[in-house]
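Chemist: take a look and give me a structure for this.
(one chain, ligands or ions: 2)
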Amino acid sequence: MGKVTGFLEIDRQERKYKPAADRIRHYKEFVIPLSEETTRDQASRCMNCGIPYCHNGCPVNNQIPDWNDLVYKNEWEEACRNLHSTNNFPEFTGRICPAPCEASCTLNIEDTPVTIKTIECAIVDRGFKQGWIKPEPPRHSTGKKVAVIGSGPAGLACAQQLRRAGHEVHVYEKNTFPGGLLRYGIPDFKLEKTVVERRVGQMTAEGVIFHCNVNVGVDVTMGSLIADYDAVALAGGSEKPRDLPIPGRELAGVHFAMDFLPQQNRRVSDEPILTNEHILASGKNVVVIGGGDTGSDCIGTSVRQGALKVTQLEIMTRPPDRENKLVTWPDWPLKLRTSSSHEEGAMREFAVNTVAFIGDDSGALKALRCVKVDSKFQAIPGSEFEIPAELALLAMGFVAPVHEGMLDQSGVKYDGRGNVAADTIAYKSSVEKVWACGDMRRGQSLVVWAIREGRQCAASIDQHLMGETLLPH
Ligand SMILES: Cc1cc2nc3c(=O)[nH]c(=O)nc-3n(C[C@H](O)[C@H](O)[C@H](O)COP(=O)(O)OP(=O)(O)OC[C@H]3O[C@@H](n4cnc5c(N)ncnc54)[C@H](O)[C@@H]3O)c2cc1C
Ligand code: SF4
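Modeler: Ligands and ions are numbered 1, 2, ... in the order given. I've put the predicted structure just below:
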């Protein structure tokens with residue numbers, strides 16, 4: 001373990017953010033890494049618990065106590081190797097994972113979990129800086145060909161694992177660049193796109209072949225891919241947004257979050273916007289409907305674009321500031337979470353339902369009509385009110401993958417929620433030679449779950465193609 005008395009002697013210390021007044025002037029990352037010495041001190045707080053709940057709380061089962069110990073002992077290169085043995089992309093999770101591992105950490109009972117995510121990010125960032133993370137092309141070729149559709153974290157993890165097992169791997173992506181939501185959903189201020197490009201560069205050097213600007217189901221049929229490849233992995237994400245079909249939904253100025261966020265990511269990357277309608281928050285009163293990650297990203301982006309005022313509406317009642325550990329630990333607790341974007345200036349309203357969008361004579365949004373609701377989402381009589389707004393962003397989550405096109409063409413069966421039906425042992429769909437992983441299989445989720453599913457799906461495909469597999473499941 002780290003230092004036997006580390007957790008008694010050293011306080012938890014987290015990375016800090018650059019001041020909000022500075023960071024809202026640009027789209028760059030603003031987290032200030034800890035010094036090497038402080039990171040080692042933080043790693044030394046790990047108690048190497050007999051039952052490391054962190055390891056189980058982490059969806060990719062990172063060997064957290066092991067690399068905490070290695071960092072404490074200054075064995076960073078070995079820590080980097082260990083970290084990559086369970087997670088293909090710790091530089092993504094080290095930046096944007098909500099860190100269920102920290103919620104599970106034994107020291108979280110005292111509200112002072114080990115700063116696991118910070119240490120993870122420090123290990124991988126150092127690994128890249130020192131040149132320890134190199135392309136790992138396979139030593140042999142199996143002669144088998146696999147198509148992976150979608151280049152989000154699930155597709156990338158699946159492709160990297162399969163390539164390293166010696167298969168010829170082709171990734172099909174309908175967007176101009178690989179990365180999925182890492183590239184077009186999550187803003188640069190949380191994850192700069194050079195971080196995604198660096199990993200895609202490693203994969204290209206390993207021999208993964210990317211076919212971008214190819215929409216499967218439109219530019220190429222599923223039938224031809226199934227015929228041409230030994231296996232096809234569906235990793236197309238969960239792209240159908242939840243709508244709010246209330247009066248005024250058709251007004252100009254009411255948009256899905258995922259019509260708004262990708263535009264800004266493209267602007268930052270000097271990519272064309274792909275439409276004549278630029279959705280901008282500049283000089284507007286903005287209302288974001290929905291309280292999750294997507295809603296937060298809409299706030300941060302609106303503030304950077306120069307919104308007059310940003311209000312976030314959440315239909316759920318305000319959660320408690322602090323969880324009851326005896327009831328929740330080591331599980332993920334329900335509690336009030338304040339993101340860096342919230343800190344940059346958003347009014348948060350809880351227990352509010354939007355009942356109508358109100359327009360002006362030209363058909364443009366001018367206000368939202370809302371009502372307060374109780375814990376069963378029933379309207380409280382007499383609580384109606386209006387919020388002036390020229391831009392409303394719907395960030396209420398995603399219902400399912402898009403069925404039209406690729407999926408319907410393939411003939412895969414869906415589960416009760418409309419996701420591609422496949423279990424988490426084989427990740428096999430109902431169609432011969434077709435597998436599924438990530439949000440397309442499990443529904444909207446997290447990057448770390450997508451990485452897990454991509455890795456496990458790759459192991460299942462390898463097992464099917466070769467009769468055995470050395471890839472971890
Ligand atoms: C705005 C936003 C912010 C988020 N923030 C966080 C966060 O901070 N932390 C976190 O852990 N999670 C976050 N998430 C969730 C996380 O991004 C997803 O769970 C994760 O990206 C899912 O990975 P995936 O590979 O399954 O799918 P995706 O990342 O959605 O990738 C799917 C890819 O498939 C491609 N594709 C789809 N259909 C086709 C087709 N027919 N042909 C070719 N290509 C196709 C798409 O273009 C896309 O590139 C966020 C989600 C959103 C929307
Ligand atoms: S639960 Fe916390 S203290 Fe225990 S091994 Fe994991 S990181 Fe270390």
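
Chemist: who's in contact with the residue in the stretch 201-350 of the chain that ligand 2 sits nearest to?
Modeler: Going by Cβ to the nearest ligand atom, ligand 2 is nearest to residue 330 of the stretch 201-350 of the chain, at 8.0 Å. Backbone N, C-alpha and C define where each C-beta goes, glycine included. Counting by Cβ atoms under 8 Å, 6 or more residues apart in numbering, residue 330 makes contact with 53, 56, 57, 103, 104, 105, 106, 108.

Chemist: of these, the lowest pLDDT goes to which?
Modeler: pLDDT across those is lowest for residue 56, at 93.

Chemist: below-threshold pLDDT in the stretch 101-250 of the chain: ranges please.
Modeler: For the stretch 101-250 of the chain, no stretch is flagged by pLDDT under 70.

Chemist: what about the residue of it found nearest ligand 2, how many residues close to it?
Modeler: Proximity of the stretch 101-250 of the chain to ligand 2 (Cβ to the nearest ligand atom) peaks at residue 105, 3.4 Å away. Counted with other Cβ atoms under 10 Å, residues neighbouring residue 105 total 27.

Chemist: so which of the contacts of residue 330 is the most crowded?
Modeler: That'd be residue 105 among those, by other Cβ under 10 Å, with 27 neighbours.

Chemist: my read is that that one contacts residue 113, right?
Modeler: Yes. Judged on Cβ atoms under 8 Å, residue 105 makes contact with residue 113 at a distance of 3.6 Å.

Chemist: between these two, which contacts overlap?
Modeler: Shared contacts of residue 105 and residue 113 (Cβ under 8 Å, 6+ apart): residue 54.

Chemist: burial measure for residue 320, as a count.
Modeler: Residue 320 is flanked by 11 other residues according to other Cβ under 10 Å.

Chemist: hmm, back to that, the residue of the stretch 201-350 of the chain closest to ligand 2 and residue 47, how far apart?
Modeler: Using Cβ to Cβ, to the nearest Å, residue 330 is found at 14 Å from residue 47.

Chemist: okay, and the common contacts of those two?
Modeler: residue 106.

Chemist: how about the CA coordinates for stretch 150-168, as CSV?
Modeler: Only the C-alpha atoms of stretch 150-168 are listed here, as CSV (Å, rounded to 0.1, in the frame of the first residue of the first chain):
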residue,chain,number,x,y,z
GLY,A,150,-19.3,4.4,-34.9
SER,A,151,-16.1,6.0,-33.5
GLY,A,152,-17.2,7.1,-30.0
PRO,A,153,-15.5,5.6,-27.0
ALA,A,154,-17.2,2.2,-27.4
GLY,A,155,-16.2,1.9,-31.1
LEU,A,156,-12.7,3.2,-30.5
ALA,A,157,-12.1,0.8,-27.6
CYS,A,158,-13.6,-2.2,-29.5
ALA,A,159,-11.4,-1.3,-32.6
GLN,A,160,-8.2,-0.9,-30.6
GLN,A,161,-8.6,-4.2,-28.8
LEU,A,162,-9.5,-6.1,-32.0
ARG,A,163,-6.6,-4.6,-33.9
ARG,A,164,-4.1,-5.5,-31.1
ALA,A,165,-5.5,-9.1,-31.3
GLY,A,166,-4.3,-9.2,-35.0
HIS,A,167,-7.5,-8.5,-36.9
GLU,A,168,-7.9,-6.1,-39.8
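
Chemist: for ligand 1, what are the nearby residues on the stretch 1-150 of the chain?
Modeler: When proximity is defined by Cβ under 6 Å from any ligand atom, the stretch 1-150 of the chain lies next to ligand 1 at 96, 97, 149, 150.

Chemist: what segments of the stretch 251-400 of the chain are strands?
Modeler: Under the criterion DSSP state E, counting those that start in this stretch, the stretch 251-400 of the chain contains strands at 254-256, 285-289, 309-314, 347-350, 352-359, 365-372, 385-388, 391-394, 398-400.

Chemist: before we move on, the earlier item: need the max-distance pair from the contacts of residue 330.
Modeler: 56 and 108 (13.3 Å; Cβ to Cβ).

Chemist: contacts only, for residue 300.
Modeler: Residues in contact with residue 300 (Cβ under 8 Å, 6+ apart) are 24, 187, 189, 190, 339, 340, 341, 344.

Chemist: and for the third one, nearest residue in space, chain neighbours not counted?
Modeler: Going back to what we said before, that points to residue 189. Nearest non-adjacent residue to residue 189, counting by Cβ to Cβ, 6 or more residues apart in numbering: residue 27, 5.2 Å away.

Chemist: contact partners for that neighbour?
Modeler: Counting by Cβ under 8 Å, 6+ apart, residue 27 touches 187, 188, 189, 264, 268, 304.

Chemist: between the strands of the stretch 251-400 of the chain, which one is nearest to ligand 1?
Modeler: So among the strands of the stretch 251-400 of the chain, strand 398-400 is nearest, using Cβ to the nearest ligand atom, at 7.2 Å.

Chemist: and the closest one, what does it pack onto?
Modeler: Counting by 3 or more Cβ pairs under 8 Å, 6 or more residues apart in numbering; DSSP states H and E, the packing neighbours recorded for strand 398-400 are strand 240-241.

Chemist: who are the neighbours of the strand it packs on, in terms of helices and strands?
Modeler: For strand 240-241, the elements it packs on are strand 398-400, judged by 3+ Cβ pairs under 8 Å, 6+ apart.

Chemist: ok, the strand it packs on near ligand 1 or not?
Modeler: No. Strand 398-400 stays clear of ligand 1 (Cβ under 6 Å from any ligand atom), getting no nearer than 7.2 Å.

Chemist: enumerate the residues of the stretch 151-300 of the chain near ligand 1.
Modeler: 151-155, 172-175, 180-181, 185-186, 215-217, 235-237, 261, 293-294, 297.

Chemist: filter these down to the buried ones, PyMOL style.
Modeler: Buried residues among these (16 or more other Cβ atoms under 10 Å), as a PyMOL selection:
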select buried, resi 151+152+153+154+155+172+173+174+175+180+181+185+186+216+217+235+236+237+261+293+294+297
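
Chemist: on that earlier part again, of all the contacts of residue 330, which comes closest to residue 467?
Modeler: residue 56 (30.9 Å).

Chemist: confirm that closest one sits in a strand?
Modeler: No. Assessed by DSSP: H, G, I helix; E, B strand; the rest coil, residue 56 does not belong to a strand; its assignment is helix.
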